[in-house]
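> how does the following fold in three dimensions:
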Amino acid sequence: GDSGGPMTVFENDKAYLIGIVSFGSQGMCARKNSGAAYTKISNYTEWIKGYINQVS
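Take a look at the predicted model:
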């Protein structure tokens, strides 16, 4: 399914990851008037950086 997929925004010809799909209507993510829930990446930035440092 779509779970784990990216939510991106484009600024100045660069793509930025701002969210990850948590769940949504089957086969309907990113369609007009369909619902989905996303996890906000900025809430987890420090955890992500710490994990990357541990496994690098």
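
> these two touch, right, F23 and A37?
Yes. Shown here, F23 and A37 form a contact pair, counting by Cβ atoms under 8 Å, at 5.3 Å. All C-beta atoms are positioned from the backbone trio N, CA, C, and that covers glycine.

> and V21, what is it in contact with?
The contact partners of V21, taken as Cβ atoms under 8 Å, 6 or more residues apart in numbering, are 2-7, 29, 36-38.

> my bad, S3
Here S3 is in contact with 21-23 (Cβ under 8 Å, 6+ apart).

> who does the strand ranked longest in the chain pair up with?
Looking across the chain with DSSP state E, the single longest strand is strand 14-24. Sheet pairing for strand 14-24, assigned by DSSP bridges, gives strand 6-11 (antiparallel), strand 36-40 (antiparallel).

> buried stuff in the first one?
So the one you mean is strand 6-11. Buried residues in strand 6-11, counted by 16 or more other Cβ atoms under 10 Å: M7.

> quick one: contacts of that strand?
With Cβ under 8 Å, 6+ apart, strand 6-11 has contacts from 15-21, 38.

> what would these look like in TSV with distance to N53?
Shown next, in TSV, are those (distance: Cβ to Cβ, whole Å):
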residue	distance to N53
A15	24
Y16	21
L17	18
I18	22
G19	23
I20	20
V21	26
Y38	25
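
> right, I'll call it a day here.
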